[in-house]
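A.B. asks: Provide a 3D model corresponding to the input given below.
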Amino acid sequence: MKPLQAVGLGLVLLALGPAEAEPGTFDPLPDPFGWLLVLIGLHGLNAVLDPRRLPTLRFLGGLALVISVALVVPAVARWVDTEPSLGWAADVPRFGFFALLCHQLSQAALRARSTGAASVFGMAALTLLFVLAAPPLAFGADWTGVGPAGEVAAQAVQLALVILCFVVAGRAWAGAPDPAEPANDASS
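C.D. replies: The predicted model follows:
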């Protein structure tokens, strides 16, 4: 499996779940499985991402995994749902991880002269930064229109990222193996 395919499948699992469910509702595809796939994909991207940013990506991804494990517990999920700021704080590692990953993929695409992919990943990174800033602006500054816009942007950018991951997964700058190299065949 190509690294961005694992990330894309992880994003699908993160996006799936009971629609408008009460906190603590059983989720047959819990987020920790999605985060494991995302982190496996991140490991495959080591060679194409900036090595100075990898520790930050690993930390944010690991923190998001830990939070997702905690939110599987119904009592914790209900507690986080009691205050909107807790829900935002629980989402910061998730959206921060994907914003930084999109920025790094944008830079990798630029180095490979793939300007279209660089632009799209750059726009996704900026959208994710808006998603991160929307709740404090909505609740703290009382900009009521920003909250719903942030929610729509969060859903749209996650869907776009799933599509992007699968579209560019086969490119060398996205961590895909070189087709000229022979595959390691277990039968030989």
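
A.B. asks: after the biggest helix by length in the chain, next one along is what?
C.D. replies: In the chain, taking DSSP state H as the definition, the longest helix is helix 84-111. Per DSSP states H and E, the first helix or strand lying C-terminal to helix 84-111 is helix 115-135.

A.B. asks: same for the longest helix of the chain, what does it pack against?
C.D. replies: Counting contacts by 3 or more C-beta pairs under 8 Å, 6 or more residues apart in numbering; DSSP states H and E, helix 84-111 packs against helix 54-72, helix 74-81, helix 115-135, helix 146-168. Where C-beta positions appear, they are placed from N, C-alpha and C, glycine not excepted.

A.B. asks: Residue 97 is nearest to which of the ones you listed?
C.D. replies: helix 54-72 (3.9 Å; C-beta to C-beta).

A.B. asks: pLDDT (mean, whole number) over that closest one?
C.D. replies: For helix 54-72, mean pLDDT rounds to 93.

A.B. asks: between that helix and helix 74-81, how big is the angle?
C.D. replies: Helix 54-72 runs at 110 degrees relative to helix 74-81, counting by axes from the mean of the first three to the mean of the last three C-alpha atoms, to 10 degrees.

A.B. asks: what does helix 54-72 contact?
C.D. replies: 27, 30-32, 34-36, 38-39, 42, 46, 49, 76-77, 80, 90, 93-94, 96-97, 100-101, 104 (C-beta atoms under 8 Å, 6 or more residues apart in numbering).
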